[in-house]
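>>> what follows is a predicted structure for the sequence shown.
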Amino acid sequence: MAVLSEEQTMLRDMAREWADNESPVTALRALRNSGSITGYDPAAWSALGEMGLAGIVIPEEFGGTAFGYLSLGLVLEQLGRTLTASPLAATAAAASAIVLGASDAQKQAWLPRIATGEVVAALAIDEGPNHNPTAIKTIVSGGKLTGAKDFVAEGDSAGVFVVAATDGLYLVDGAAPGVTRSPRRMVDARSHAKVTFDGAAAEKLSVAAQPIIDRAAAAVCAEMLGLATQAFETTNDYLKTRVQFGQKLSTFQALQHRMAKMLTELELMRSVVEGALEAIDANRSDVDQAVSLAKAVAGDTLKLVSREMIQLHGGIGMTDEHDAGLYLKRAAVLEPMYGNAAYHRDRFARLNGY
């Protein structure tokens, strides 16, 4: 488990207070029922920008706070607890590609606007239903990018895209001619779009795709940690208050064993997720292994906890009126994003020579 600085503790607590008071689960319900195409509340995103959270991985010279990926993870965990619909994770991953691989002119054009929340950035990698960064067919010829990306998180509203082509990553203005978007309605009520590039102007970034994908996966893990933690806490509170056969459910030994199992897995999940975020900040040579370990554990643990949340709440957990289903649906979308648990177990083994 990471040892937090005083500044990081304050940042985490600020994010938690904001999420609890300004973006509870009821906000996601309202967003879902409104049929919003953007998949997030622009006012809430603007508020995060004003708090300096939109630019958390952006250098200070470009208007960011440069707090790093562990700090980003602390914020995403708190937003995940309340299912906050925010483009922060996607924007941070794409912004990292600009920070690491863009020219000074490109950085000046995009990073200050991203840091304030004015522009949403998105990472466009996969071209099919499953994560496979080796199966890229998008090409660039004469500075024009052609291809299609499926299920791009925040693709409906992104002002700039970081796109994977056969020869690396490219920067594409979301308003450029040749960029079209087709919304994908997913169970989590968030923004996922098919983005088609038909000869769109593109600028090459001098950074490899995999380090950026690893950063994106680590950010997803942090949100998954928030979901799993809140799902566990909500279930634990329910068992302590629900009475059956004249006794509280928390007194039944079989249910105690299930809760203990989840708590143990959650502690392991926190350790590996925070370890991956710290590895990115330290620029360690084993970032790829740390991220795959975190994503594999996070996927298995969130699947366990979100399903147990449904089971242990009984009939009420199956209804739309209860929040359990919302956590299960968001978990179902996050688990395969940038590779599911099976993908990352296999990758971890290959990275270790097996």
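Received it, and whenever you're ready, just let me know what you need.
>>> which SS state does residue 155 fall under?
Secondary structure assignment for residue 155 (DSSP: H, G, I helix; E, B strand; the rest coil): coil.
>>> neighbours around the closest residue to residue 187 other than its chain neighbours, how many?
Of all residues not flanking residue 187 in the chain, residue 329 sits nearest, at 4.2 Å (Cβ to Cβ, 6 or more residues apart in numbering). For glycine as for every other residue, the C-beta is placed from the backbone atoms N, C-alpha and C. Neighbours of residue 329 under the rule other Cβ atoms under 10 Å: 18.
>>> repeat that for residue 311.
Residue 311: 12 neighbours (other Cβ under 10 Å).
>>> assess the claim that it and residue 328 are in contact.
No: look at residue 311 against residue 328 with Cβ atoms under 8 Å: they stay out of range, at 10.6 Å.
>>> buried residues, the top helix by length along the chain. List them.
As assigned by DSSP state H, the longest helix anywhere in the chain is helix 209-241. Within helix 209-241, the residues scored as buried using 16 or more other Cβ atoms under 10 Å are 209, 211-232, 234-235, 238-239.
>>> and the closest residue to residue 160 other than its chain neighbours, what is it in contact with?
Excluding its sequence neighbours, the residue lying closest to residue 160 (Cβ to Cβ, 6+ apart) is residue 121, at 5.0 Å. Under the criterion of Cβ atoms under 8 Å, 6 or more residues apart in numbering, the neighbours of residue 121 are 87, 90-91, 94-95, 98, 110, 114, 154, 158-162.
>>> let's see it at 6 Å
91, 94, 95, 114, 160 (Cβ atoms under 6 Å, 6 or more residues apart in numbering).
>>> return the distance of the first one relative to residue 173.
Same thing as residue 91. Distance of residue 91 to residue 173, given as Cβ to Cβ, to the nearest Å: 15 Å.
>>> neighbour count winner among those two?
Per other Cβ under 10 Å, whichever of residue 91 and residue 173 has more neighbours is residue 91, with 32 against 16.
>>> work out for me the element the more buried one sits within.
Using DSSP states H and E, residue 91 falls within helix 88-101.
>>> buried stuff in stretch 141-161?
For stretch 141-161, by 16+ other Cβ under 10 Å, it's 145-161.
>>> now do stretch 196-204
In stretch 196-204, counting by 16+ other Cβ under 10 Å, buried: 196, 197, 200, 201, 202, 203, 204.
>>> quick one, the longest helix of the chain and helix 88-101 angle?
Orientation check (axes from the mean of the first three to the mean of the last three Cα atoms, to 10 degrees): helix 209-241 against helix 88-101 gives 160 degrees.
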